[in-house]
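Engineer: sequence and predicted structure below; questions after.
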Amino acid sequence: MTAVYPASPDTPARPTYGAGATPFATPPGDPVHHRKRVLAALTVAPLGLATALICAPAATAASDTVVIAEAYGGGGNSGAPLRSDFVELANRSQEQVDLTGWSLAYYSANGTSAQTTPLSGTIAAGGRYLVKQADGANAAAPALPEPDATGRVAMSSTGARVVLVGPSGQSVDLLGWGSASTFEGAPAGATSNATSVARRDICVDTDNNAADFVVGAPTPQNSTT
């Protein structure tokens, strides 16, 4: 994946992405008309999970396995539909992925210091993995589905950056949205207490957050949904 970084001496080292990754040049038409989480070129995973879907191998994606699927930072705030912030991952591949040694790094929009949430367990072929973060003040708001991992990060409701980090410390996927200064191609749209950014199509990764993600109502999924 191709990430854009600010020209600053305080900027952290550029993440390492997979060989063969190429930047997306032109976003697809009708960028935000519908919030789509359509999975193209799919086969049903042999896991007995009705929602487990597998993508055909991608030639240009930095990660042919796990990617960031959705991020939400308005949990428990005024007008929020959910109590907690979260990040959802998805496994694009045809194989189960062991997340031992993986982590999720969160940065504020212009931050250089990460808040890290360790991951564990596995994510099934075609499956989802839900990382719960901090609760907001409104404890009466609906809870998330049962999370697969739990952190304590109070995420921004409008824009930030999350990086999926592999077991060797490599950056596997990156999402910057809103006013984030680091992103792939261009940042995804800004969110609110009532909205998240979600990947349009799990099987498509154009290395451009603005093209790949759309703003809409949060739809968290865990490993059993």
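Structural biologist: Nice, thanks for sending it over.
Engineer: look at S78 and say how many residues are nearby.
Structural biologist: S78 is flanked by 11 other residues according to other CB atoms under 10 Å. (Glycine included, C-beta is placed from N, CA and C.)
Engineer: excluding residues flanking it in the chain, which one is nearest it?
Structural biologist: N193 (6.1 Å; CB to CB, 6 or more residues apart in numbering).
Engineer: then R128?
Structural biologist: Nearest to R128 is Q221, by CB to CB, 6+ apart, at 4.2 Å.
Engineer: for the one you found, give its distance to P187.
Structural biologist: From Q221 across to P187, the span is 24 Å (CB to CB, to the nearest Å).
Engineer: more neighbours: which of those two?
Structural biologist: Set Q221 next to P187 and count neighbours by other CB under 10 Å: P187 wins out with 24 against 20.
Engineer: shouldn't that one be in contact with V197?
Structural biologist: No - at 9.3 Å, P187 does not count as touching V197 under the criterion of CB atoms under 8 Å.
Engineer: quick check: neighbours shared by those two?
Structural biologist: Shared contacts of P187 and V197, defined by CB atoms under 8 Å, 6 or more residues apart in numbering, comprise W177, N209.
Engineer: the residue nearest to S78 contacts Y72, doesn't it?
Structural biologist: No - N193 is not in contact with Y72 according to CB under 8 Å; the separation is 9.6 Å.
Engineer: so what's the spatially most central residue of the chain bridging to?
Structural biologist: The residue lying closest to the centre of the chain (CA atoms, centre = their mean) is I68, at 2.5 Å. Beta bridges link I68 to L89, judged by DSSP bridges.
Engineer: separation between it and G74?
Structural biologist: From I68 to G74 the distance is 17 Å (CB to CB).
Engineer: and the closest residue to A134 other than its chain neighbours, what is it in contact with?
Structural biologist: Excluding the flanking residues, the one nearest A134 by CB to CB, 6+ apart is A154, at 4.1 Å. By CB under 8 Å, 6+ apart, the contact list for A154 reads D85, Q133, A134.
Engineer: among these, which are in strands?
Structural biologist: D85, Q133, A134 (DSSP state E).
Engineer: which one of those residues has the most neighbours?
Structural biologist: Most surrounded of the ones in strands among the contacts of A154: other CB under 10 Å gives D85, at 31 neighbours.
Engineer: which positions in stretch 192-208 come out as buried?
Structural biologist: Neighbour-count burial for stretch 192-208, counted by 16 or more other CB atoms under 10 Å, picks out 193-208.
Engineer: the residues you listed: which two are farthest apart?
Structural biologist: Among the buried residues of stretch 192-208, the pair separated by the greatest distance (CB to CB) is N193 and C203, at 29.9 Å.
Engineer: D64 in helix, strand or coil?
Structural biologist: What DSSP: H, G, I helix; E, B strand; the rest coil gives for D64 is coil.
Engineer: give me phi/psi at it?
Structural biologist: As for D64, its main-chain torsions (degrees, to the nearest 10) stand at phi -90, psi 0.
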